[in-house]
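Novice: Please find the sequence and the predicted model below.
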Amino acid sequence: MDDVRKQLRDAAAEHRPDRERMLARVERGRERDAVDFVAARRGRPPRPAPWLRVAGATAAVAGVLALGGYAVASVVQAEEPPPSTVGTPPPAPDSSSAPSPSAPAPDGQNAGPSSPAEHAEGIQDGYLWSDGSVDPQSNDFWAQSTLTFKTGKPLTALTVELRVAQTGGVADTGNWRSLPADDFTVSVGERGGELVYRWTLKAGRSVPAGEHVFAGQYNHAEGGRDAGDDTYAAQATASGQKASVRGDFARTS
């Protein structure tokens, strides 16, 4: 059996197609077609040629392959997304029609009650004007007393004093000024039943002409506090000329 297989493999390896013989077979097939054509005209049915049967089978196989290829192409095409919608970004919004942002609310608009500050009548002495008020953000436990000064001349000396009557639970929580902190010496303490804030301009420093603010902050007993007994005073010097003001705060009815 092994010898037979070897002989068959050798024969297959040595086989070479005979082109001349194949062409001769095709030519004989054509001559047979001519004979069949004459026989058909004489009333005899032609004999199907072997090469024609092979060609027909080949055409049938090609048709099946073509049909299968068309079906595969149709499936692939159906799975592809439409080219008009692939990678198309949405149009950018028109900035000219976008609503403009609203303006920010003023500082402190929602920081506390909107009641007006409690002012006493302003006091003036020459170039120096003053006013005392309780800040409207004060509440039932905490308050700020604000002193406003206006000077028509630069000041070379200034001492400001705020006295808060001890109405119960009054205790310092801080102070500030609109002028530079390093330009003043500040002291806070209780004296004679009052909480006293004092700001003194340091030697060699000056206060420019304009409006300036000093404020003292403090806790107090629960409830609305009456600032009618609170007072303030200021002494200033400008171009060698002295001025002094003294005032109080509006009493709460």
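Specialist: Good, I have the coordinates.

Novice: The closest residue to residue 152 other than its chain neighbours: what's it in contact with?
Specialist: The spatial neighbour of residue 152 that comes closest, neighbours along the chain excluded (C-beta to C-beta, 6 or more residues apart in numbering), is residue 127 at 4.0 Å. In this view, the C-beta of every residue, glycine as well, is placed from N, C-alpha and C. Shown in contact with residue 127 (C-beta atoms under 8 Å, 6 or more residues apart in numbering): 151-153, 238, 241, 243.

Novice: Assign residue 182 to helix, strand or coil.
Specialist: helix (DSSP: H, G, I helix; E, B strand; the rest coil).

Novice: do you know how far it is from residue 6?
Specialist: In this structure, residue 182 and residue 6 are 114 Å apart, going by C-beta to C-beta, to the nearest Å.

Novice: closest to residue 193 among the contacts of residue 127?
Specialist: Proximity of these to residue 193 (C-beta to C-beta) peaks at residue 243, which lies at 28.8 Å.

Novice: what helix or strand is the closest one on?
Specialist: Using DSSP states H and E, residue 243 sits in strand 241-248.

Novice: So which bits of that strand are buried?
Specialist: Of all the residues in strand 241-248, those buried under the rule 16 or more other C-beta atoms under 10 Å are 243, 245, 247-248.

Novice: wait, which of these is closest to residue 139?
Specialist: Using C-beta to C-beta, the buried residues of strand 241-248 come closest to residue 139 at residue 248, 21.7 Å.

Novice: Surely that closest one is in contact with residue 132?
Specialist: Yes - contact criterion C-beta atoms under 8 Å: residue 248 and residue 132 qualify, at 6.5 Å.

Novice: from what I can see residue 222 touches residue 139, true?
Specialist: No - with contacts counted by C-beta under 8 Å, residue 222 stays clear of residue 139, the gap being 9.9 Å.

Novice: Residue 3 in helix, strand or coil?
Specialist: Under three-state DSSP, residue 3 comes out as helix.

Novice: What of the one 4 residues further on?
Specialist: Using three-state DSSP, the three-state assignment for residue 7 comes out as helix.
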